[in-house]
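>>> dropping the sequence and predicted coords here.
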Amino acid sequence: MTTRELYPEIEPYDHGMLEVGDGHSLYYEQSGNPDGKPVVAVHGGPGGGSTASMRRYFNPEKYRIVLFDQRGCGKSRPHASEPDADLSANTTWHLVADIEMLREHLGIDKWQVFGGSWGSTLSLAYAETHTDRVTELVLRGIFTLRESELRWFYQEGASHLFPDFWETYLEPIPEEDRDDLIAAYNRRLFNPDTAIHVPAGLAWSIWEASTTSLFVDEKFVKQAAEDDFWSVAFARIENHFFFNKGWMEDGQLIRDAVKLKNIPTVIVQGRYDACTPPQTAWDLYRQMPHAKFVMVPDAGHASIEPGIRTALMNATDEFASRQ
Ligand code: STX
């Protein structure tokens, strides 16, 4: 299969901070065509923050591209890497409400929702809550925060594929405390002592960075290892959401996907996705058979992998001219 390159780099024509309540202010930006079809790109993690490359999955002449940083990460404030960060007002449902507030703030009636990994989780939660605001869904590396999915990646499963990287993940946690690694990490990540939460944040983030692509993305691993500011916030936010099971019932997002039957949807999944294995994407597809399912045969989890990015761009191109 021929693969595509991303659209050229672009700069936002507008950006700002939106106060969403509870003392949180979110960074947002718009790029592409101000009169184009609106799309909101929902980043992963949670806690990953938006990146400039996320603008490049959309034809900039046809789309009005909205990116934002979810509570506590990226350029949003307060930042979750602060030693005594308080994440109590940072939950799935706060973020769903934030997306609605941003939509209203920008004067957008309906928009396409595009998200991978945790971005797919939040996109599903948003679309199932505000179904009439969503024109299309483009979802990748499907993650729905079920206990089985969390177990796979943080307790036992992916560990069997990456025994070498797993050792680094286990390092901050003493042997006698490994029965529930998400809980063990929770205690360390939220300890206000930097000598405790920084090493835990780095180890957690390095694990994820090491395992997201079919071939190890050394640049991403290096970033996770060197950027405490990013890694501590990423680890804390992810862990906080997973420790609390996303404030959802197990399987809720897949169960309620029947509500999405009128929303044109593309699901893009890497066959060798070790972070969010294809089972979840398949279970979702079974609940929304109207979706188009693209199984990329030679990819892992990351949106930037050639087969994944090509399938995503084909999807946004196909939807670009829908009214
Ligand atoms: N978390 C998967 C996820 O959403 C379980 C994710 N993994 N890496 C990312 O997001 C970034 C590339 C955004 C850092």
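Everything's here; your move.

>>> tell me if residue 179 really is in a helix.
No - counting by DSSP: H, G, I helix; E, B strand; the rest coil, residue 179 falls outside a helix, being coil.

>>> going forward, the N-terminal residue is numbered 51.
Taking 51 as the first residue, the last one we looked at is residue 229.

>>> next one: it from residue 300, what distance?
20 Å (CB to CB, to the nearest Å). (Glycine included, C-beta is placed from N, CA and C.)

>>> who's more crowded, the two?
Taking other CB atoms under 10 Å, residue 229 and residue 300 do not tie; residue 300 has more neighbours (16 against 8).

>>> residues in contact with the more buried one?
196-197 (CB atoms under 8 Å, 6 or more residues apart in numbering).

>>> 10 Å - rerun?
194-200 (CB atoms under 10 Å, 6 or more residues apart in numbering).

>>> do the same with residue 55
So, once contact is read as CB under 10 Å, 6+ apart, residue 55 ends up touching 106, 356, 359-360, 363.

>>> of all these, which two lie farthest apart?
Greatest spatial distance among these (CB to CB): 106 and 356, at 13.9 Å.

>>> of those two, which one has the most company?
Set side by side, residue 106 and residue 356 show more neighbours around residue 106, with 20 against 16, by other CB under 10 Å.

>>> contacts only, for residue 134.
Taking CB under 10 Å, 6+ apart, one finds 240, 242 in contact with residue 134.

>>> swap that for residue 186, please
87, 89, 160-164, 177, 313-316, 365-366, 368-370, 372.

>>> what about those, which are in helices?
177, 365-366, 368-370 (DSSP state H).

>>> closest to the ligand out of the residues you listed?
The nearest member of these to the ligand, counting by CB to the nearest ligand atom, is residue 177 at 17.0 Å.

>>> hang on, the closest one packs against residue 187?
Yes - using CB atoms under 10 Å, residue 177 is in contact with residue 187, at 5.9 Å.

>>> anything in contact with each of those two?
Residues touching both residue 177 and residue 187 (CB under 10 Å, 6+ apart): 163, 165, 307, 310, 313, 315.

>>> shouldn't the fourth one be in contact with residue 184?
Yes - under the criterion of CB under 10 Å, residue 310 is in contact with residue 184, at a separation of 7.9 Å.

>>> where do the contact lists of these two overlap?
177-178.

>>> out of the contacts of residue 300, which is most surrounded?
residue 195 (26 neighbours).

>>> which residue, other than its chain neighbours, is closest to that residue?
Nearest in space to residue 195, with sequence neighbours left out and distances taken as CB to CB, 6 or more residues apart in numbering, is residue 296 at 4.1 Å.

>>> how about residue 158?
residue 88 (4.7 Å).

>>> likewise for residue 341?
Counting by CB to CB, 6+ apart, the residue nearest residue 341 is residue 315, at 4.0 Å.

>>> tell me the pLDDT of that neighbour.
Per-residue pLDDT puts residue 315 at 99.

>>> right, and it touches residue 164 too?
No - checked against CB under 10 Å, the pair residue 315 and residue 164 is beyond contact range at 11.1 Å.

>>> need the residues touching each of the two.
Counting by CB under 10 Å, 6+ apart, the residues touching both residue 315 and residue 164 are 173, 186-189, 365, 369.

>>> return the subset of the residues you listed lying in helices.
173, 365, 369.

>>> so which of the residues you listed is the most crowded?
residue 173 (28 neighbours).
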